[in-house]
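>>> here is the input, now give the coordinates:
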Amino acid sequence: MNKTELVAAIAADVDLSKADTARVLESVLESLTKALTRGETVQLIGFGSFAVASRPERAGRNPSTGEQMTIKASKSPKFTAGKALKDAVNASA
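Numbering: from 1, shown residues only. Presented below is the predicted three-dimensional model:
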């Protein structure tokens with residue numbers, strides 16, 4: 001499912017126009033991004049949690065030359081599925 005299909009599914013579910021639904025979805029994603037940028041954790045009970053994980057600086061190799069290099073420290077968004085989401089996915093398997 002891509003973003004357009006998600007907007008269409010939500011719009012049909014809640015009886016809103018696709019334009020209004022797209023604005024709501026954009027707002028939700030922007031709010032999630034802002035919270036993660038501030039280093040906050042976003043918990044959606046029953047769905048899951050979004051958090052920021054730190055990766056330390058480490059040694060690596062350039063795959064094309066084999067030369068050793070240092071990979072900079074970075075932050076990465078992480079998602080942890082909640083119990084209800086895990087149960088729903090496993091029930092359909």
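>>> give the buried residues for whichever strand or helix holds residue 29.
Assigned by DSSP states H and E, residue 29 belongs to helix 18-37. Of the residues in helix 18-37, 21, 22, 36 count as buried by neighbour count, 16 or more other Cβ atoms under 10 Å. Glycine gets a C-beta too; all of them are placed from N, C-alpha and C.
>>> contacting residues for the last one?
Going back to what we said before, that points to residue 36. 42, 50, 51, 52, 77 (Cβ atoms under 8 Å, 6 or more residues apart in numbering).
>>> same deal with the first one?
The contact partners of residue 21, by Cβ under 8 Å, 6+ apart, come to 7, 10, 11, 14.
>>> which residue packs closest to it, ignoring adjacent ones?
residue 11 (4.1 Å; Cβ to Cβ, 6 or more residues apart in numbering).
>>> so what pLDDT did that neighbour get?
If you check residue 11, the pLDDT there is 96.
>>> that one reaches residue 18, doesn't it?
Yes - contact criterion Cβ atoms under 8 Å: residue 11 and residue 18 qualify, at 4.7 Å.
>>> show me where this structure has helices.
3-14, 18-37, 83-91 (DSSP state H).
>>> restrict the contacts of residue 21 to the buried ones and give me that as a PyMOL selection.
A single PyMOL command is used to select the members of these judged buried by 16+ other Cβ under 10 Å:
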select buried, resi 7+10+11
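>>> find the centremost residue of this protein, please.
The C-alpha lying nearest the average C-alpha coordinate of the chain belongs to residue 79 (Cα atoms, centre = their mean; 6.0 Å).
>>> quick check: bridge partners of that one?
Beta-bridge pairing of residue 79 under DSSP bridges involves residue 50.
>>> mind checking how far it is from residue 85?
10 Å (Cβ to Cβ, to the nearest Å).
>>> now the common contact residues for the two.
residue 48.
>>> quick check, pLDDT for the nearest residue to residue 72 once chain neighbours are set aside.
By the measure of Cβ to Cβ, 6+ apart, the closest residue to residue 72 outside its immediate chain neighbours is residue 57, 6.0 Å from it. pLDDT, residue 57: 95.
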